[in-house]
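J.: Below is the sequence, then the predicted model.
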Amino acid sequence: MSGARRVFTPEYRVGIAKRILAGESVTTLSRELRIKRSVLYRWRDAYREEGEAGLSRSAGRPPGAQAGKPPSSPQEALLWRIAELERKVGQQQLENDFLRRAFKRVEELRQQRRETGATASTPKSGG
């Protein structure tokens, strides 16, 4: 079966989740059923948190997470834009934190070289 995506009924997924919660090994089930362990753990967790309802939804995006859906009102458009800008600010903060740590590390290495008397490597002149 190359590239074909298998679809499992909610009843099947519930049955597997119950087997895991009853103590069966996820690794053994994964080999037996030829289903990735990560999928089995996801089924187990969904069943644990929401019961059968957690496994009755179809695969894909969760309800309400419709990417690219045009805003239906000016207020929704503004809220979407605010969320987009907050994500961008968060990304920039991560980048700034990374660069700040990298710069600090470079400065520490320079200081260590000065203290040990090491000199920076220079290109040799040909001749």
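T.: Now that the structure is in, tell me what you want to look at.
J.: Going by C-alpha atoms from here, please, whenever you check contacts or count neighbours.
T.: Will do.
J.: Tell me who's in contact with I20.
T.: I20 makes contact with V26, R44 under the criterion C-alpha atoms under 8 Å, 6 or more residues apart in numbering.
J.: what's the helix or strand for it?
T.: helix 10-21 (DSSP states H and E).
J.: Could I get the buried residue list for that helix?
T.: If you call a residue buried by 16 or more other C-alpha atoms under 10 Å, then helix 10-21 has these buried ones: P10, R13, V14, G15, I16, A17, K18, I20.
J.: Could you export the residues you listed as JSON lines, including pLDDT?
T.: Shown next, in JSON lines, are the buried residues of helix 10-21 (pLDDT from 0 to 100):
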{"residue": "P10", "pLDDT": "91"}
{"residue": "R13", "pLDDT": "93"}
{"residue": "V14", "pLDDT": "93"}
{"residue": "G15", "pLDDT": "94"}
{"residue": "I16", "pLDDT": "94"}
{"residue": "A17", "pLDDT": "94"}
{"residue": "K18", "pLDDT": "95"}
{"residue": "I20", "pLDDT": "94"}
